[in-house]
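> 3D model of this:
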Amino acid sequence: MLQPPQIPPNTTREQQLLTERMVLTATELGIGVVQGIAAQYLLLRPGISLRDFTHILDQYLAKAKAAVARGDSINDI
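Got it, this is the predicted structure:
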């Protein structure tokens, strides 16, 4: 189960709200990326299982991390 991020004790309410907005924006972006990948794979493999799709996402993430570590664009993977 996801836990909310721990807020340092000296954080102001404004800082907390800004952090929450940033987390929400990053989450929305991540969900959008996953939806885009899902749409592509459903066209290639209709009826793909959740297990197989999760495996594809894991592979994509590993390739993306390696590309970033090399200083390459993830658009080329």
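> who's in contact with residue 45?
residue 52 (Cβ atoms under 8 Å, 6 or more residues apart in numbering). The way it works is simple: take the backbone N, C-alpha and C, and place the C-beta from them, glycine included.
> roughly how far apart are it and residue 16?
Using Cβ to Cβ, to the nearest Å, we find residue 45 at a distance of 43 Å from residue 16.
> Let me see the contact set for the residue sitting furthest away from the middle of the chain.
When distances are taken from the C-alpha mean of the chain, residue 10 lies farthest, 29.1 Å away, according to Cα atoms, centre = their mean. Neighbouring residues of residue 10 by Cβ under 8 Å, 6+ apart: there are none.
> Just the local confidence number for it, please.
At residue 10, the model reports a pLDDT of 75.
> do the same with residue 2
64.
> do residue 77 as well
On the pLDDT scale, residue 77 gets 72.
> Just to check, it is in contact with residue 63?
Yes - the pair residue 77 / residue 63 is scored as a contact, 4.4 Å apart, by Cβ atoms under 8 Å.
> Going along the chain, name the helices of the protein.
Under the criterion DSSP state H, the chain contains helices at 13-44, 50-70.
> How far does the shortest one sit from its chain's centre?
Between the centre of helix 50-70 and the centre of its chain there are 11 Å (Cα atoms, centre = their mean, to the nearest Å).
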